[in-house]
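Undergrad: Could you work out the structure for the sequence below:
(one chain, ligands or ions: 1)
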Amino acid sequence: MVAGLLFARAGVRTTVLEKHADFLRDFRGDTVHPSTLRIFFELGLLEKLLQRPHDKVHDLTVTVGNRRLAVADFAGFDPRWGFIAMMPQWEFLDFVADQARAYPNFTLIMEAEATGLVVDEGRVSGVHCRIGEESARIGARLTIASDGRRSVLREESGMPLRSLGAPMDVFWFRIPKQVGPGNETTGIFTSGRIMALIDRGHYWQCAYVFPKGQADQIRAPGLERFRAEVAEAAPQLAAEIAAIASWDDVKLLTVALDRLECWHRAGLLVIGDAAHAMSPIGGVGINVAVQDAVAAANVLAGPVAGGADPDPLLAKVEARRRLAVRAIQGFQNATQKRIVTPLLAGQAPIRPPLPLRLLGRYAVLRRIPAAFLGFGIRPEHVRSPEA
Ligand SMILES: Cc1cc2nc3c(=O)[nH]c(=O)nc-3n(C[C@H](O)[C@H](O)[C@H](O)COP(=O)(O)OP(=O)(O)OC[C@H]3O[C@@H](n4cnc5c(N)ncnc54)[C@H](O)[C@@H]3O)c2cc1C
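TA: Numbering: from 1, shown residues only. As a prediction, this is how the structure comes out:
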């Protein structure tokens with residue numbers, strides 16, 4: 001959607017396909033990081049974006065054993081974007097779609113599912129799709145596959161995908177809560193259990209992390225046992241735990257960490273999770289995908305608007321983003337191996353490790369993870385033109 005906005009803004013006739021009828025799904029994470037906030041500032045849209053419902057989170061905390069520690073502090077950055085905006089992703093996407101619609105050359109087609117690539121003499125020249133009940137073919141000088149971690153277009157392109165492995169899956173459910181004065185989003189780490197609690201005002205969006213492939217093993221002893229486990233790991237959920245009335249209330253999300261060896265071929269560029277599925281660790285995936293979109297528009301939108309052939313430029317987008325993606329995936333992979341796997345196996349001590357204790361004690365150190373998670377390496381700025 002962000003790529004759609006930027007290409008349309010540069011004067012390119014742009015069509016975005018979304019296979020669902022709306023954006024109203026709750027399994028996408030809500031974290032709009034400083035890098036993304038700054039991009040919207042550069043577009044002159046930040047103030048308007050922040051009129052959508054959100055909470056501001058100025059520091060990140062984790063609970064290890066029974067100690068709650070601050071680990072990242074965004075308050076040292078420019079106050080205009082020195083926080084994480086916890087904004088439901090349907091609000092964010094709806095906002096971006098609204099801004100893009102201001103350009104007459106932008107079209108968003110909902111309930112339009114890309115089903116395959118149109119290939120002419122080896123070059124991708126659009127997509128086959130299903131729009132409602134109808135089959136269609138949309139021609140394009142440039143196709144951007146941003147169809148997420150189970151990308152059909154990536155699959156069909158035959159580009160080799162490298163899996164880095166993910167040791168966990170997630171159960172995703174809601175528990176009601178009272179609206180508090182501040183946002184209390186937190187991560188919980190105890191021996192054998194990891195949870196993330198996203199504070200969405202009147203309810204907690206909960207992620208219960210468990211070893212990959214063990215969903216049936218957790219379900220087998222019954223719902224009562226699961227509720228008790230959740231309430232023990234996160235006592236703030238205990239009072240309303242009966243809100244999990246059946247297993248239908250508990251969605252299984254599978255976690256993946258992978259990336260393409262090459263993000264492009266003639267006529268096709270792959271970005272976001274389709275090019276590099278992100279783990280939920282650090283809550284960065286949305287923001288990395290947004291940065292890919294900005295980099296793609298910076299390199300391509302002006303030339304494509306001017307009638308240039310995009311193919312010789314596609315490698316530049318990947319070259320610009322490769323290091324940033326590798327750095328953050330390296331961090332996620334190391335966290336999975338050193339923290340998630342031993343914790344889920346019940347092997348790790350439930351005392352915070354030294355680096356976390358140091359972060360908890362010295363505010364100045366908390367700026368380092370804040371900069372890494374909040375902006376990443378080589379953060380993007382909007383350089384694409386406005387026609
Ligand atoms: C459990 C979990 C929690 C997470 N939490 C966070 C978090 O808190 N913060 C964060 O930043 N990241 C989080 N992530 C990662 C984040 O969800 C992804 O990195 C991010 O959504 C990637 O954005 P994207 O636009 O590339 O793909 P997606 O968000 O997956 O968007 C792809 C879009 O394409 C549509 N689509 C798919 N196939 C087709 C098709 N064939 N035709 C047309 N449309 C199609 C989909 O409906 C979807 O709207 C989490 C991941 C997991 C697994």
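Undergrad: Helices of this structure, residue ranges please.
TA: Under the criterion DSSP state H, the chain contains helices at 2-9, 34-42, 46-49, 89-100, 152-157, 215-219, 223-233, 285-305, 314-335, 341-344, 354-361, 367-374.
Undergrad: deepest of the ones you listed, which one?
TA: Mean neighbour count, computed with mean count of other C-beta atoms under 10 Å, is highest for helix 2-9 among the helices of the chain, reaching a mean of 26. C-beta coordinates here come from the backbone N, C-alpha and C atoms, glycine included.
Undergrad: Check whether it comes near the ligand.
TA: No. Helix 2-9 is not in contact with the ligand by C-beta under 6 Å from any ligand atom; minimum separation 8.3 Å.
Undergrad: same check, this time on stretch 119-129
TA: No. In terms of C-beta under 6 Å from any ligand atom, no part of stretch 119-129 sits within range of the ligand; the closest distance is 6.9 Å.
Undergrad: Only C-alpha atoms, please: export that stretch in CSV.
TA: The C-alpha coordinates for stretch 119-129 follow below in CSV (Å, rounded to 0.1, in the frame of the first residue of the first chain):
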residue,chain,number,x,y,z
VAL,A,119,5.2,-13.7,-18.7
ASP,A,120,6.0,-12.5,-22.2
GLU,A,121,9.3,-13.8,-23.7
GLY,A,122,10.8,-14.3,-20.2
ARG,A,123,9.8,-10.9,-18.9
VAL,A,124,7.0,-10.4,-16.3
SER,A,125,4.4,-8.1,-17.8
GLY,A,126,1.6,-8.2,-15.2
VAL,A,127,-0.5,-10.6,-13.2
HIS,A,128,-3.4,-13.0,-13.7
CYS,A,129,-6.0,-12.4,-11.0
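Undergrad: And that stretch, what's buried?
TA: 119, 124, 125, 126, 127, 129 (16 or more other C-beta atoms under 10 Å).
Undergrad: List of residues touching it?
TA: 17, 112-118, 135-141, 143, 153, 157, 265-268, 311 (C-beta atoms under 8 Å, 6 or more residues apart in numbering).
Undergrad: Please flag which of those sit within strands.
TA: Members of these lying in strands (criterion: DSSP state E): 17, 112-118, 135-139, 143, 265, 268.
Undergrad: Show me which residues of the stretch 101-250 of the chain are close to the ligand?
TA: Within the stretch 101-250 of the chain, the positions lying close to the ligand (C-beta under 6 Å from any ligand atom) are 113, 114, 146, 147, 148, 152, 170, 207.
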